[in-house]
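Peer 1: what follows is a predicted protein model with its sequence.
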Amino acid sequence: MNQGINDTKKNVINTSLRLFKEKGYQNVTIDEICSTAGISKSTFYYYFKTKDGLLDDFYDIESQIGIDQIESFITSNNRWEQFWNTIEPFVDHTINAGPEIISQLFIANLQTDRNTFSPENVNTRIPVAIIKKGQEEGHFNNSSDAEEIYSVIKNTIIGIAVIWCIEKGSFDEKEAIRKALISILDVKNG
């Protein structure tokens, strides 16, 4: 995909997310998205089959691991800090989107089995490697298989996000996730 197409798609997704936050998901039409993003309907349908289709790429926009996180992997000997830096960008992206958009993401997944949260859609290599290193070095006291631990962590994060949506964002989702992960990993001095 060339850079121009990628920029257009990002523009449509970001415009849509902004409109969903401002007006509510159900109150935003494809026509309004097109008008606000400055694109034609045919351009919209080139990238997305439906309004729900916008949510398929939700975690690909603004949630990638950045230079700061990569630097922390390289410079930190603290495996908890390294692990948290693989998770935090996605948690922040969820919080920035808000509970209504995240609720719609869950609904879309339940209705059409989009597999947004399936293990094959998440790169597990880095977090699993950090868990293994943390176990070897005594940073994490949970001695269970690292891949199993990561699966439990992923499901815990999803569960906390569901509760956060149900409760309309009434609690600190990031802190709840952070505490749960410290407990699951059994972080030494966590």
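Peer 2: In hand now; what should we look at? If you're wondering where the values come from, they're calculated on a predicted model, not measured in any experiment.
Peer 1: CA atoms for contacts and neighbours, from now on please.
Peer 2: Noted.
Peer 1: show me the shaky parts of the chain.
Peer 2: 1-5, 58-74, 113-122, 190 (pLDDT under 70).
Peer 1: give me the element the residue nearest to the spatial centre of it is part of.
Peer 2: When the chain is reduced to its mean C-alpha position, the nearest residue by C-alpha atoms, centre = their mean turns out to be residue 90, at 3.6 Å. Assignment of secondary structure by DSSP states H and E places residue 90 within helix 79-97.
Peer 1: other SSEs contacting that helix?
Peer 2: When contacts are defined as 3 or more C-alpha pairs under 8 Å, 6 or more residues apart in numbering; DSSP states H and E, helix 79-97 packs onto helix 67-75, helix 125-136, helix 173-185.
Peer 1: hmm, who's touching the second one?
Peer 2: Spelled out, it's helix 125-136. Contacts with helix 125-136, where a contact means C-alpha atoms under 8 Å, 6 or more residues apart in numbering, come from 79, 80, 82, 83, 86, 140, 141, 142, 143, 146, 147, 150.
Peer 1: ok, then the element right after that helix?
Peer 2: Next along from helix 125-136, by DSSP H and E: helix 146-166.
Peer 1: could you list the buried residues of that next one?
Peer 2: Across helix 146-166, burial judged by 16 or more other C-alpha atoms under 10 Å covers 146-147, 149-150, 153-154, 156-157, 160-165.
Peer 1: greatest separation within those residues: which pair is it?
Peer 2: Pairwise distances among those were taken by C-alpha to C-alpha; the largest, 28.5 Å, belongs to 146 and 165.
Peer 1: which non-adjacent residue is nearest residue 55?
Peer 2: Using C-alpha to C-alpha, 6 or more residues apart in numbering and skipping the chain neighbours, the partner closest in space to residue 55 is residue 105 (6.0 Å).
Peer 1: thanks a lot, catch you later.
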